[in-house]
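Trainee: Kindly return the folded structure for what I paste below:
(2 chains)
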Amino acid sequence: MTGEKTTEPLWWGLFSAGGVVAAFLVPIQIIIFGFALPLGWISDSGMLYRNWLVKIYLFVLIALPLYHWAHRFYFALNDMKLGLPRKPLAALCYGGAVVVTVVTLWVLSSL
Amino acid sequence: MSGTRPDPSKLYHREVPATWWLKKKSYFFFMLRELSSVFIAIFLLVYLYQIYQLTQGPEAYVAFSRRLSSPGWILFNLIALLFALYHSITWFQSSAIVLPLRVGERELPRNLFVALNVVALVVISLIILVLFLTLKG
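Mentor: Below you'll find the model as predicted:
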């Protein structure tokens, strides 16, 4: 129990920061990359991804909301009373967010 | 708090069916809010994959973006956008309760707090759009 207690504020902090990032940055991101670019309203060759400030922005944009997802998904599944085992579920959710964080770092640094 | 924990097998456990959240409107909207994070996460994973395409060259990036114009992806992104906006509004509403803004002695009314956050959302969105349009090649 003590181990869980010490890391809880970290996960909650990431959840909270991810919630703010998702609330303010994700809608316009969906409008640009889900509609404007695919439908050809605007074009983009991908040059801006070489900019380091853009990379930092993208890292924050992609990584933080995943911790938000992990937290919500884990607790929602628990609340749904599906009888899923708690610890493997937590490892899958939070571990998944950590894995994607590493992948995001790798993708952004290899551009 | 106390040194000894009760034996879990002796505790009273009320059975809760897995469909409890369908029984009441507010429970359902609670689950909808939790579900918004799933759609946001999927959108971000797809976007990350699109950025990854750049490592194969700009043509792959543009080609992948064009593939997202299929009706299925447009529908997905429409649902994701609605969920994302639902997340924004519910996030502002809970922030109004968790982090109330004080002006002098008085607390800012919650509706005004949410409205100010919506204004901030619009302003930030416009800034990102303008920055994207100026920086893109």
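Trainee: What mean pLDDT does the helix or strand encompassing residue A:23 get?
Mentor: In this assignment (DSSP states H and E), residue A:23 forms part of helix A:2-30. Averaging pLDDT along helix A:2-30 gives 87.
Trainee: Centre of the chain to that helix, how far?
Mentor: Offset of helix A:2-30 from its chain centre (CA atoms, centre = their mean, to the nearest Å): 8 Å.
Trainee: So which elements touch it?
Mentor: helix A:52-79, helix B:25-52, helix B:71-98, helix B:110-135 (3 or more CB pairs under 8 Å, 6 or more residues apart in numbering or on different chains; DSSP states H and E). (Each C-beta comes from the backbone N, C-alpha and C, glycine too.)
Trainee: tilt between that helix and helix B:71-98?
Mentor: Computed by axes from the mean of the first three to the mean of the last three CA atoms, to 10 degrees, the angle separating helix A:2-30 from helix B:71-98 equals 120 degrees.
Trainee: Any idea how far the least confident helix or strand in chain B by mean pLDDT is from the middle of the chain?
Mentor: One helix or strand of chain B scores below all others by mean pLDDT, DSSP states H and E: strand B:102-103, with a mean of 82. Offset of strand B:102-103 from its chain centre (CA atoms, centre = their mean): 27 Å.
Trainee: Work out the sheet partners of it and label each with its direction, please.
Mentor: Partner strands and pairing direction for strand B:102-103 (DSSP bridges) are strand B:106-107 (antiparallel).
Trainee: what number of residues lie near residue A:102?
Mentor: Taking other CB atoms under 10 Å in any protein chain shown as the criterion, the count of residues near residue A:102 is 10.
Trainee: Alright, calling it a day.
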